[in-house]
Each structure stands twice: as structure tokens, then as C-alpha cells.
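Enquirer: here is a sequence with its predicted model. Questions after.
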Amino acid sequence: MAGQAINLTGDLSDTSVPEIFHALSVSRSTGVFEWTFFSREKKVYLHRGRIVFASSNSRTDRLGDILFREGRIKAPDFIEAAGKVSEKMRLGQILIEMGALSTDEIKEGVMNQVRTIVYNLFDEPEGHYTFHEQENLLKEVITLDINTPELILRGVERMSDWKRILQTLSGIDTVFEMAAGSEKKLVEIELTDPEKTVLAHINGLNSVAAICSRVGGNDFETCRTLMALLCANLIRRMQDTEIALLEEKRTWDFFERTSRCYNLLFAYAYRYLTDKVGKLGDRNLSHYLEEIKEDHPVLFKGIFLLPDGTLALEALRENFELIGEQTRKQELLASLKGLLAAELAAIRESLGTTEEAFVTSRLKGIMESLKKENVC
């Protein structure tokens, strides 16, 4: 969407304001978002995806009302300043000239006004919205330096509509990963402890349901936090194709690491036995392999020991592909463990229990070393 003309229009019954701002943030859009509901009207101005200003015709969103509600100005000053407002004199300027507030205090008040307008918009269940791209935006409004991701986070945490939250998440089976550039944004945001806890479980693997289970506590609040992180563009949904590709990569990484490690163990056991008893050991190992094939006919079909006692991984990989996705990992582990146990049985039969115990100890040591080196 970046660099293209955008003209969003629709009804809030189909989406939510945070979702719209998320789309505009990702597309780095510049323009005006306008919401109307009967006589009520609110506008939010965005520059390159950042919220820079907002306005509203609602009395409760007016600067004076907000300053008064927050206790920043006294009733006499508010009443006097409100009586002097005109097209040429704004309330903020009047309060400064009266000495009721400083320029910095007015600026902070306007920032709070923008936040209030946006916060109130987030939980609006109805209304018509339109977004018009407008590149000359900066010439029309005074822009404020507002941290948009944090503004969205704090706005979403006030939402109470579960249907909108679930709709935004796209269901509890959705998987999220960290969004591009999130590390830089997180430096500028003060996350709450619950937000940090939820964020710690975003890894491209956990679904919404899994995150709720791991976090514990109130699932509604966890889901709302996920929505906030998503709309603040700190995390992003992983598409089904991406999840499938990632799962496939993990599966083949598992095959390569597991089969390579066991081949190292097979090589040691083979070398030890054949050094002790020669060709008799070779025949014993081949015999036990044939027995294992009966228990794992698909995976070990056409498999035989190579001259160094290892298995041909290319043939093993082809057989691995023939096994169902749900059981292939378990089948690989069971078959390789079974073959290793059979080789230890061959050593016991040929050399006795003392030699078997020695080789078992050595194999455990090899495996521990491989794990430390992150080979297995």
C-alpha cells in the first residue's frame, strides 16, 4: 500500500479503529481519518503512518473540558477563558495570556486531548469512517510528536468488546511473530509487565490459545494485549503458508540433526565391535538390523549398513518422507533408538556384559559432547 493512493471507507460494524490505524501505519500513509455518527464527528491526522493530531466536535473532547477535568485549571479561569474564545483567539492562547497555564502546559494539554479523542474512538461500536490520502497535510495542522505505537497500546487496553478483539486476532489459532523494526520501537515504549509477559511468548510458534495457556490468568486480557501489540505493529500474523514452510524446515532440521548424531554413535559401536571380533561383528550387526526392519518396515525399507557402520541418509530421508507428518518424528526416534539398542545387544552377545557397559558409557559421553556442541 505504501506509495499508493488510499481511500478507505466503510462502517465500524465490519472492523475497528485500531485495525484501520494498524493498516495505515504499516502502509506509512499520510492523510485524514474521519469518523461520523449522526452529528458527532472526529478526525485523526496521520503523517507517514504516525498519528500527529486529532480533532472532535464533542464537548467532552474539547481542550478546556479536558484541562478542567484533569484539574489543570480552576473553575473561574475556565469560565473566564471560555467566554473569550473566538475565531481569532483559541482557548490555549487565552489561558497563556491570562497566566493560568504555560506554553508547555498547553502543549501537553493538547497532547492529552489528542490521546483522549483517539482513546474514545477505539471503543466506538458504530459509525461511518473514511480515510483520504492528503500529502499536504503538514501545511494544514500543527503536528505533535506523539509516540503512535504507545498511543495505540494504551487505547486498545481500554477496549471491552470481545467480538472485536477476536475478530482482529483472526481467531485463537493464529500464530504471531515479531514485526520488522519492532526492536527499535520497543526502545521508545514503556511496556507494562503483562505486555512484557505476553511478548515473551511471541516466537512464530505459539498460537493465541497456546499463549493464553502459557501466560495463565485472564484470557480476555491476554487476547486484548495481543490485539494491542498487533495494532501497534510490534507483532504480525504469520500466514498459513509461512507456518507450513517453517514447520517443514523444523521437520527436516530435526531429521538431519537426529540421523547425523545417531550415525556417529552407530559408527563408534560398529568400529568397536569389528575391531574386537572382525567379520563376526559385521554379521551380528547386520542380523539385528534385519530384525529392526520388521518393526519399522517403512523407514528401514532398503536400508543397510555402510562400510563404516552408518546408515545411508539419502535413502533414509526418502523413506522418512513416506511417513505421515504427525508421526514421522516419533517413528525416526523410535527406529534409531531401537537400532542402537540392537547394536548394544550384539556387543553383549559377542563380548559380554562388561564390554556392553563400557560401550554404553562411551556412547553416552559422545552424545553429551554433541549436545554441548549443539550438534544434536
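Expert: On my side now, so go ahead.

Enquirer: where do the strands sit along the stretch 1-150 of the chain?
Expert: For the stretch 1-150 of the chain, applying DSSP state E, counting those that start in this stretch gives strands covering 7-11, 31-37, 40-47, 50-56, 128-133.

Enquirer: mind listing what's buried in the last one?
Expert: So that's strand 128-133. Neighbour counts over strand 128-133 (16 or more other CB atoms under 10 Å) mark Y129, F131, E133 as buried. C-beta coordinates here come from the backbone N, C-alpha and C atoms, glycine included.

Enquirer: the shortest one too?
Expert: For strand 7-11, the neighbour count (16+ other CB under 10 Å) marks L8 as buried.

Enquirer: that one vs strand 128-133, what angle?
Expert: Between the axis of strand 7-11 and that of strand 128-133 there is an angle of 170 degrees, by axes from the mean of the first three to the mean of the last three CA atoms, to 10 degrees.

Enquirer: what packs against strand 7-11?
Expert: Applying 3 or more CB pairs under 8 Å, 6 or more residues apart in numbering; DSSP states H and E, we find strand 7-11 packed against helix 17-26, strand 128-133.

Enquirer: quick one: closest of the ones you listed to C223.
Expert: Closest approach to C223 among the helices and strands packed on strand 7-11 is made by helix 17-26 (13.2 Å; CB to CB).

Enquirer: in the closest one, what's buried?
Expert: Neighbour counts over helix 17-26 (16+ other CB under 10 Å) mark V17, P18, E19, I20, F21, H22, A23, L24, S25 as buried.

Enquirer: out of the residues you listed, which is nearest to D61?
Expert: In terms of CB to CB, no member of these lies closer to D61 than V17, at 14.6 Å.

Enquirer: who's in contact with that closest one?
Expert: W35, V118, L121, F122, E124, Y129 (CB atoms under 8 Å, 6 or more residues apart in numbering).

Enquirer: pLDDT check: weakest of those residues?
Expert: Across the contacts of V17, the smallest pLDDT goes to E124, namely 84.

Enquirer: and that one, how many neighbours?
Expert: E124 sits with 16 neighbouring residues when counted by other CB atoms under 10 Å.

Enquirer: likewise for T310?
Expert: Number of residues near T310 (other CB under 10 Å) recorded here: 17.

Enquirer: spit out the contact partners of the closest residue to it other than its chain neighbours.
Expert: Nearest residue to T310 in three dimensions, chain neighbours excluded: N263, at 4.2 Å (CB to CB, 6 or more residues apart in numbering). N263 is in contact with T310, L311, L313, counting by CB under 8 Å, 6+ apart.
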